[in-house]
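Asks: structure here, sequence nowhere to be found:
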Ligand code: HEM
């Protein structure tokens, strides 16, 4: 009887969703994702077919604001789907936080390491951010003298990599100093992202293809190997330094505050069975892989929209000059939190250009799930794409595609439910138990840098007419953020 009921319900599911070929094979979704622009297509699919769209025989893209908590909320028990397998080494021992499907182990790991990413830990990371911001500032001065267009996306990526290296190990990678891709890491990671994004659609092939590509040294294996070696070297070096000094946790290099590695090593020394050497390696790697491109993309988005909307730039600059004194170089994180317009600018830029551009896939578990009256049996995979959510006109209004930081401030002034509804369908950092662990760190990096840049420089978009080009292999990266840069009069 139960089987019959399930068959009927699954049959109904078959009738509901389009596009046609997605019913029969995952190849349809694979092909669309491979084209690199799925975030826009996902929005268009929902506008055409409604809130539930089939992307593969058992994969459904959802655009239902009222279901976001059921799928992702803190109480939700839906694990990440096997699409995430592509983001890890095929060995079950080589697990990492981001793709971990084991809900219990994931929760334990988060509990142990949450503090390293908390607001109170940011105080010790702030100086590491300032150091890299100073280097970027001096690079911008040099670029402004050359008067040639520069790829600002590249420089912001250099900054994001160096900052996360500095926060994690008190040592930037050297991207800003060299202005180029150190040891091919950026190129290699691009390949890793494309590989993981696509193989995740056919996860059973992952062990075989991974073995072949690694043996041949293609598909990003070389850059990944460099990164692994780099992280291991930093850890080893720190262990030696700590042994020599035999000191426990107070400060590290050159009297700077505790960096991430120092904090995690203190935990390791206090409870070696709970915080193992594998944890130290895995969390440090996660910082670099999950925390660099995401921040770079978001920084580019903020600056790009400021350049596209000069009125917003003007208002922001007014707020910056009111909030800082003339000689002050760096805005403190605390000061930035007290700048409502700046906060709204960041929020709005991450709404219009969230860093991840595919549905955040989750598996429906035992007993199935009803969404909007539609039954999804156990074993189906469902997900909401942040882009689909953020461009939802019922939630954000008819002008959802317009960059308008005021929408957040107006909704707040207005009172009522609107702000709560917008906040509930706004998730550039994911949601619930799988929300981004590094989100405060990324806010620290972003909120300090952009005010510094726009206070000191004028940027001009090379192509004012057309929107920039992007490529979406999970991260929606900007390809041609070309600008000219000039020092600002009086800065
Ligand atoms: C603006 C910058 C960032 C954005 C937009 C961003 C976005 C996200 C999103 C959307 C997720 C959840 C993905 C999912 O549900 O599949 C996530 C998870 C994660 N992020 Fe971030 N992230 C950013 C910066 C960072 C930074 C700076 C770090 C590390 C220092 C970091 C580390 C992580 C980790 C480890 C996870 C996995 C968390 C878990 O599953 O428990 N991220 N991030």
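Replies: Done, it's in. Note that the coordinates shown come from a computational prediction; the quantities given were computed from them, not determined experimentally. Numbering: from 1, shown residues only.
Asks: burial measure for residue 98, as a count.
Replies: By other CB atoms under 10 Å, 17 other residues sit near residue 98. Bear in mind the C-beta positions are built from the backbone N, C-alpha and C, glycine included.
Asks: do you know the pLDDT at it?
Replies: According to the prediction, residue 98 has pLDDT 96.
Asks: the one 10 residues further on now?
Replies: In this prediction, residue 108 carries a pLDDT score of 95.
Asks: check residue 250 too.
Replies: In this prediction, residue 250 carries a pLDDT score of 51.
Asks: likewise for the one 4 residues further on?
Replies: pLDDT, the model's per-residue confidence, is 57 for residue 254.
Asks: same question for residue 184.
Replies: For residue 184, the model assigns a pLDDT of 84.
Asks: so it touches residue 226, yeah?
Replies: Yes - look at residue 184 against residue 226 with CB atoms under 8 Å: they come within range, at 7.2 Å.
Asks: please, which helix or strand holds the closest residue to residue 55 other than its chain neighbours?
Replies: The shortest distance from residue 55 to any residue that is not its chain neighbour, by CB to CB, 6 or more residues apart in numbering, is 4.4 Å, and that residue is residue 29. Assignment of secondary structure by DSSP states H and E places residue 29 within helix 27-34.
Asks: for that helix, the distance to its chain's centre please.
Replies: Between the mean C-alpha point of helix 27-34 and the mean C-alpha point of its chain there is a distance of 22 Å (CA atoms, centre = their mean, to the nearest Å).
Asks: and the closest residue to the ligand within the stretch 101-250 of the chain, how far from residue 336?
Replies: When scored by CB to the nearest ligand atom, the stretch 101-250 of the chain has residue 110 as its residue closest to the ligand, at 5.5 Å. Counting by CB to CB, to the nearest Å, the gap between residue 110 and residue 336 amounts to 26 Å.
Asks: for the two, indicate the residue with more neighbours.
Replies: The residue with more neighbours, out of residue 110 and residue 336 and counting by other CB under 10 Å, is residue 336; that gives 21 against 16.
Asks: could you pull out the strands for this structure?
Replies: Listed in chain order, the strands of the chain (DSSP state E) span 52-56, 59-62, 150-151, 362-363, 369-371, 374-376, 381-383, 457-461, 470-473, 475-478, 482-487.
Asks: quick one: which of those strands is nearest residue 37?
Replies: Proximity to residue 37 (CB to CB) singles out strand 470-473 among the strands of the chain, at 6.0 Å.
Asks: which parts of that closest one are buried?
Replies: When burial is assessed from 16 or more other CB atoms under 10 Å, strand 470-473 yields the following buried residues: 470, 471, 472, 473.
Asks: separation between the spatially closest residue to the second one that is not a sequence neighbour and the ligand?
Replies: By that I understand residue 471. Closest residue to residue 471 apart from its sequence neighbours, by CB to CB, 6+ apart: residue 36 at 4.4 Å. Noted for residue 36: a distance of 19 Å to the ligand, by CB to the nearest ligand atom, to the nearest Å.
Asks: check residue 270 too.
Replies: Counting by CB to the nearest ligand atom, the separation of residue 270 from the ligand is 22 Å.
Asks: enumerate the residues of the stretch 251-400 of the chain near the ligand.
Replies: 286, 287, 290, 291, 294, 295, 298, 355, 356, 360 (CB under 6 Å from any ligand atom).
Asks: can I get those in a markdown table with neighbour count, distance to residue 44 and pLDDT?
Replies: Shown next, in a markdown table, are these (neighbours: other CB atoms under 10 Å; distance: CB to CB, whole Å; pLDDT from 0 to 100):
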| residue | neighbour count | distance to residue 44 | pLDDT |
| --- | --- | --- | --- |
| 286 | 17 | 33 | 96 |
| 287 | 22 | 35 | 97 |
| 290 | 20 | 28 | 95 |
| 291 | 25 | 31 | 95 |
| 294 | 23 | 24 | 98 |
| 295 | 26 | 28 | 98 |
| 298 | 24 | 24 | 98 |
| 355 | 22 | 20 | 98 |
| 356 | 21 | 18 | 98 |
| 360 | 22 | 19 | 98 |
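Asks: those into TSV, with extra columns for distance to residue 479?
Replies: Compiled in TSV, those are given as follows (distance: CB to CB, whole Å):
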residue	distance to residue 479
286	26
287	25
290	21
291	21
294	17
295	18
298	16
355	15
356	17
360	24
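Asks: among the residues you listed, which lie within helices?
Replies: When these are checked against helices using DSSP state H, the ones located there are 286, 287, 290, 291, 294, 295, 298.
Asks: returning to what we had before: hmm, who's touching the helix holding residue 29?
Replies: Residues outside helix 27-34 that contact it (CB atoms under 8 Å, 6 or more residues apart in numbering) are 19, 21-22, 38, 41, 55-56, 59, 197-198, 201-202, 358, 472-473.
Asks: ok, and the most crowded of these?
Replies: Each of these was scored by neighbours using other CB under 10 Å; the highest score is residue 55's, at 28 neighbours.
Asks: for the ligand, see how far away residue 372 is.
Replies: Summarising the geometry, the distance separating residue 372 from the ligand, computed by CB to the nearest ligand atom, is 21 Å.
Asks: who are the contact partners of residue 382?
Replies: Taking CB under 8 Å, 6+ apart as the contact definition, residue 382 lies against 59-62, 71, 78, 359, 361-362, 364, 369, 371, 376.
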